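*Asks:* quick one, fold the following:
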Amino acid sequence: MDVATVLVLLLGLVVGAAVVGLATRARLRQRDAFQALAAEALRQNNQSFLDLARTSLGEFQKGATADLEGRQKAINEVLTNMDGKLQAIEKERHGHYERLTEQLKAVGAAHEKLHAETTNLVRALRTPSVRGRWG
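*Replies:* Sure thing, here's the model as predicted:
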């Protein structure tokens, strides 16, 4: 091989190495650029997801709050109705208690009257003149 051929081969190797080096650097730059673009896309997707989640959760929370307020209102109405009914029952019970007390007093008075009449009858029957007539 002559010197010119060797020089052409060496020049080819140097140019080839330079091309490979340039290609490698270009690939590294492309990889870095792709990684930067992928990281930015991921960050934007994450941010979009978080924004959507906040919006959805905010709407859900509003609905849950409205539902809770409605339930609290319904419970308050039930308690108010129950309180009114309990007061009516208590008033009715008090009226029954008063009537029962009056009836017991009347029974007590009738009992006392019956006892007095029975005592009078027993006395009358023990009297010799009455006993003779009835006995």
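*Asks:* what about the helix or strand hosting Asn120, distance to the chain center?
*Replies:* Following DSSP states H and E, one finds Asn120 within helix 3-126. Between the centre of helix 3-126 and the centre of its chain there are 5 Å (CA atoms, centre = their mean, to the nearest Å).
*Asks:* which other helices and strands contact it?
*Replies:* helix 128-134 (3 or more CB pairs under 8 Å, 6 or more residues apart in numbering; DSSP states H and E). Using the backbone N, CA and C atoms, a C-beta is placed for each residue, glycine as well.
*Asks:* neighbours of Ala53, just the number please.
*Replies:* When counting by other CB atoms under 10 Å, one arrives at 10 neighbours for Ala53.
*Asks:* please begin residue numbering at 740 from this point
*Replies:* Okay, residue one is now 740; in that scheme the one you just asked about reads as Ala792.
*Asks:* distance of it from Val747?
*Replies:* Remark: distance between Ala792 and Val747 (CB to CB, to the nearest Å) = 65 Å.
*Asks:* same check on Lys852?
*Replies:* Look at Lys852 and Val747: by CB to CB, they are 151 Å apart.
*Asks:* also Arg793?
*Replies:* 67 Å.
*Asks:* what's the local residue count around Ala762?
*Replies:* Here the count is done by other CB under 10 Å, and Ala762 has 10 residues near it.
*Asks:* how about Leu752?
*Replies:* Leu752: 10 surrounding residues under other CB under 10 Å.
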